[in-house]
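Chemist: got a sequence here, can you build the structure:
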Amino acid sequence: MAEENVLLGFINRIKDIAKQSNDTNYRDIKLTADLKNNEKYLFKPLEDIPAKKGKEEENRNGFLVYSQETIKNTKNTELKNLFKNVNIGNEDNIFRYYYYEKLNSISNLHATIIMMNPAFADSKEPDDTIKNIKAYLINNRFSSFDIVNLYPVRMPKSAKLKLYLDKTKDETKAYQAFVKSYLKPDCEKDTPENSKQGDKDENIIIAAWGSEYHKKAEKMFKDENIKFYCYGLTKDASPKHFGKQSFCNFNKFLHPIPYIKVSNWLEKLKPVDFDKKMLDKTKNDCALLWTTKGIEEENIINLTANLEDLKDFLDSYYTDLDA
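Modeler: This is a model prediction of the structure:
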């Protein structure tokens with residue numbers, strides 16, 4: 001069996017066990033022996049975050065999938081040397097393949113976030129990026145989210161990422177095949193026909209890989225019929241990252257909107273009603289965005305062009321639909 005299918009099966013079986021347990025907390029599910037003793041993949045349920053510094057305890061329900069390979073046990077000497085004096089959080093697993101978390105909303109909205117690569121976040125504590133993702137999705141009433149990446153290696157310093165990618169090419173190739181395979185079912189669900197079925201979740205895919213590896217991402221997905229959303233744009237019109245600096249800057253939308261720069265979905269995957277609602281809200285949000293102090297003219301041009309292209313496409317689609 002291809003490695004991407006092995007990982008996909010590992011994740012899906014964990015979710016199936018949770019469903020059979022009446023969607024109990026992932027900390028309480030009982031894994032089968034083959035999942036528990038898997039030689040390559042490690043299931044870790046998310047732990048609650050204890051109360052501290054005036055903040056209440058935060059209950060979390062979800063899980064992540066690591067590699068069994070850690071900085072301590074890796075046989076890749078070159079990779080082990082690269083990780084010397086590098087802090088990747090409480091757990092030293094080299095690769096994080098998947099992150100899933102339930103939120104408190106009772107909506108049927110689910111978001112899959114595509115980031116560049118994992119950093120500090122682990123089963124014990126989220127990093128700033130995941131905190132920003134949760135804040136944004138909670139504000140938009142999403143009920144759950146998961147995270148996959150362009151690259152699975154855990155490295156918080158993007159400037160040094162290429163060094164790690166050079167040592168993990170085979171792992172990256174297999175993982176990217178998994179990511180494309182994993183995203184396809186979501187794309188198939190996100191159609192006008194399926195959006196009318198009340199028993200199906202609404203799944204959207206939010207691109208948030210930033211500028212640095214944007215061209216690599218475009219190349220990776222150019223032949224895939226994947227419909228991407230974004231929550232904001234960088235100066236070069238790449239999808240904004242959820243990292244602390246990016247999230248706090250301008251050029252973000254209050255609601256996710258279709259990201260048309262990777263436009264292969266335009267011909268085959270039609271917009272759903274969710275798109276029209278978000279576009280209408282975003283047009284109102286932008287009236288405030290353009291008057292924000294400090295925003296650069298170049299950013300305004302990129303954002304305006306993206307919204308105008310999107311508006312023309314959606315207006316045309318809904319006009320044809322109503323005719």
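Chemist: chain neighbours aside, what residue packs nearest to residue 60?
Modeler: Excluding its sequence neighbours, the residue lying closest to residue 60 (Cβ to Cβ, 6 or more residues apart in numbering) is residue 46, at 4.2 Å. Backbone N, C-alpha and C define where each C-beta goes, glycine included.
Chemist: and that neighbour, how many residues sit next to it?
Modeler: Residue 46: 24 surrounding residues under other Cβ atoms under 10 Å.
Chemist: tell me how far stretch 69-85 lies from the chain's centre.
Modeler: 26 Å (Cα atoms, centre = their mean, to the nearest Å).
Chemist: name the helix or strand for residue 125, please.
Modeler: Using DSSP states H and E, residue 125 sits in no helix or strand.
Chemist: tell me the contacts of it?
Modeler: Residue 125 sits next to 49, 89-90 when contact means Cβ atoms under 8 Å, 6 or more residues apart in numbering.
Chemist: can you redo those as CSV with secondary structure, pLDDT and distance to residue 228?
Modeler: Below are the contacts of residue 125 laid out as CSV (DSSP: H, G, I helix; E, B strand; the rest coil; pLDDT from 0 to 100; distance: Cβ to Cβ, whole Å):
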residue, secondary structure, pLDDT, distance to residue 228
49, strand, 91, 31
89, coil, 83, 28
90, coil, 87, 32
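Chemist: and the residue nearest to residue 60, how far is that from residue 9?
Modeler: Plainly put, residue 46 is 21 Å away from residue 9 if you go by Cβ to Cβ, to the nearest Å.
Chemist: quick one: the strands in this structure, in order.
Modeler: Secondary structure of the chain by DSSP state E: the strands cover 41-45, 62-67, 96-102, 109-115, 144-149, 202-207, 228-232, 252-258.
Chemist: pick out the shakiest of these, pLDDT-wise.
Modeler: Note on the strands of the chain: lowest mean pLDDT is at strand 252-258, with a mean of 77.
Chemist: and that one, what does it pack against?
Modeler: Secondary-structure packing of strand 252-258 (3 or more Cβ pairs under 8 Å, 6 or more residues apart in numbering; DSSP states H and E): strand 228-232, helix 273-289, helix 297-322.
Chemist: list the buried residues for it?
Modeler: Within strand 252-258, the residues that count as buried by 16 or more other Cβ atoms under 10 Å are 252-258.
Chemist: kindly report the same for stretch 63-72.
Modeler: Buried, per 16+ other Cβ under 10 Å, within stretch 63-72: 63-67, 69-71.
Chemist: for that stretch, measure first residue to last.
Modeler: One end of stretch 63-72 to the other measures 23 Å (Cα to Cα, to the nearest Å).
Chemist: next one: stretch 213-233 to chain centre, how far?
Modeler: 12 Å.
Chemist: and it, what's buried?
Modeler: Buried, per 16+ other Cβ under 10 Å, within stretch 213-233: 213-214, 217, 220-221, 224, 226-233.
Chemist: do the same with stretch 99-114
Modeler: The neighbour-count criterion (16+ other Cβ under 10 Å) identifies 99-103, 109-114 as the buried residues of stretch 99-114.
Chemist: burial of the residue nearest to residue 112 when sequence neighbours are not counted, as a residue count?
Modeler: Nearest residue to residue 112, sequence neighbours excluded (Cβ to Cβ, 6+ apart): residue 205, at 4.9 Å. Residues lying near residue 205 (other Cβ under 10 Å) number 22.
Chemist: next: residue 78.
Modeler: Number of residues near residue 78 (other Cβ under 10 Å) recorded here: 11.
Chemist: ok, and the closest non-adjacent residue to it?
Modeler: residue 167 (5.3 Å).
Chemist: now swap in residue 71 and tell me
Modeler: Closest to residue 71 by Cβ to Cβ, 6+ apart is residue 92, at 4.3 Å.
Chemist: for the chain, name the helix or strand with the lowest mean pLDDT.
Modeler: The weakest-scoring helix or strand in the chain, judged by mean pLDDT, DSSP states H and E, is helix 192-195 (a mean of 35).
Chemist: okay, now the unreliable bits of the stretch 151-300 of the chain?
Modeler: For the stretch 151-300 of the chain, the stretches with pLDDT under 70 are 185-201, 249-251, 260-274, 276-300.
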